[in-house]
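Colleague: Below is the sequence, then the predicted model.
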Amino acid sequence: MMYIWDIEIAGKGLKQNAAFNWVTELLLQEGMIVRVVDLHTRTVLDMENSGSHELGRLNERYARKLKAVAGNPGDVNEKVNEILASIPESFSLQPNYPNPFNPVTNIRFGLPEPRNIRLTVVNILGQEVIEITSGWHDFGFHTVTWKGLNKYGKNVSAGMYFAVLTDGKSVKVQKMLLLK
């Protein structure tokens, strides 16, 4: 048997660092372990050998997310690895799919922490065709759909386009090919 809990810690207006503390009140069944994964830092905590975890400054827009997993060691370790694999390690823009496309494609990007981003499509001349999304997005992988339309809602012509993702510090670009 395996148990999984989602934990969210929020704090608006905090000026100091936060910590996550716990106390074990019941003994675990023999052979069970408990691990907590801090999704924002990709840190795995052993709840039996520690009683706290420093969270640092909390993001005011998004709760700090953790997952607790309890069960036999093999199942827990497998689930923890699955959780870690679902968290982006870096700011990234994956190739769109399908590519080439006609007229709809999906654009996937990864954020290792909440960020204020802007995702646009530009043509081969570098002219902005459309802004697909902008603003604050929580950490994780995100997928958005582009239907081959410009900012006026008109179909764009066949050709090469570029998805451009920026967070104000870094820029990621992926080539896309629209066929008709």
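Modeller: Received the coordinates, thanks. Numbering: from 1, shown residues only.
Colleague: For the residue most central in space within the chain, list each beta-bridge partner.
Modeller: By CA atoms, centre = their mean, the chain has its centre lying nearest to residue 140, at 0.7 Å. Per DSSP bridges, the residues bridged to residue 140 are residue 111.
Colleague: Could you tell me which residues make contact with it?
Modeller: Each residue near residue 140 by CB atoms under 8 Å, 6 or more residues apart in numbering is listed here: 86, 87, 88, 110, 111. For every residue, glycine as well, the C-beta is placed using N, CA and C.
Colleague: Filter these down to the buried ones.
Modeller: 87, 88, 110, 111 (16 or more other CB atoms under 10 Å).
Colleague: Would you format those as JSON lines with pLDDT included?
Modeller: Below are the buried ones among the contacts of residue 140 laid out as JSON lines (pLDDT from 0 to 100):
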{"residue": "87", "pLDDT": "91"}
{"residue": "88", "pLDDT": "93"}
{"residue": "110", "pLDDT": "96"}
{"residue": "111", "pLDDT": "94"}
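Colleague: How many neighbouring residues does the residue lying closest to residue 23 once chain neighbours are set aside have?
Modeller: Distances taken as CB to CB, 6 or more residues apart in numbering place residue 51 nearest to residue 23, at 6.8 Å, with adjacent residues excluded. Residue 51 has 12 neighbouring residues, counting by other CB atoms under 10 Å.
Colleague: Tell me how far the residue in the chain sticking out farthest from the centre lies from residue 73.
Modeller: When distances are taken from the C-alpha mean of the chain, residue 30 lies farthest, 35.1 Å away, according to CA atoms, centre = their mean. Distance, residue 30 to residue 73, by CB to CB, to the nearest Å: 12 Å.
Colleague: Thank you, goodbye.
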